[in-house]
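S.K.: Here is the input, now give the coordinates:
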Amino acid sequence: MSDEKKLAIIATKGTLDWAYPPFILASTAAALGYDTQIFFTFYGLVLLKKKLNLKMTSLGNPAMPMPMPVPVFMQAMPGMQAMITSMMKKTMKKKGVASVEELRDLSLEAEVKMVACQMTVDLFDFKHSDFIDGIEYGGAATFFEFAGNSDITLYI
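M.R.: Residues are numbered from 1 along each chain as shown. Below is the predicted model:
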């Protein structure tokens, strides 16, 4: 039995704000010596695409800090998602927050194993060529094989 700690993460969300937690936690865990794996399924699968076009939405996220209060009905108006995404990207850049691509690359360099859910790839008619190099493909059994022996399992 290995003394190495293991962290298993399931990434299910594909928005800009939900892209950060799996990569931040995985890269940090790897830096601390954890054997780390992220299983990307459903909408989280887009985080492995070569070209990221991640968006923000304030709908369903009442905790999102806004420079000024915006009523919910206005948040659903055309153009609001683009405006909110632009505001968040500018704020992140101004504050020196690493991009999702940078965190993803850092995770790969730290030997975080990234597994794309093959069922989801098939469901959404993606091709393996849509995704970055250095990832693996597997199903739920692949995830459970690792997660079953993990010290920590997170669902994000």
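S.K.: Look up the pLDDT of the residue nearest to residue 98 when sequence neighbours are not counted for me, please.
M.R.: Distance criterion C-beta to C-beta, 6 or more residues apart in numbering; nearest residue to residue 98, sequence neighbours excluded, is residue 106 at 7.5 Å. C-beta: built from backbone N, CA, C; applies to glycine. Model confidence at residue 106, given as pLDDT, is 96.
S.K.: same thing with residue 113?
M.R.: 98.
S.K.: what about the nearest residue to it once chain neighbours are set aside, which helix or strand?
M.R.: With C-beta to C-beta, 6+ apart as the criterion, residue 113 has its nearest non-adjacent residue at 4.3 Å, and that residue is residue 37. Counting by DSSP states H and E, the element that carries residue 37 is strand 35-40.
S.K.: and that strand, what does it pack onto?
M.R.: Under the contact definition 3 or more C-beta pairs under 8 Å, 6 or more residues apart in numbering; DSSP states H and E, strand 35-40 sits against strand 6-11, helix 16-31, strand 113-117, helix 140-147.
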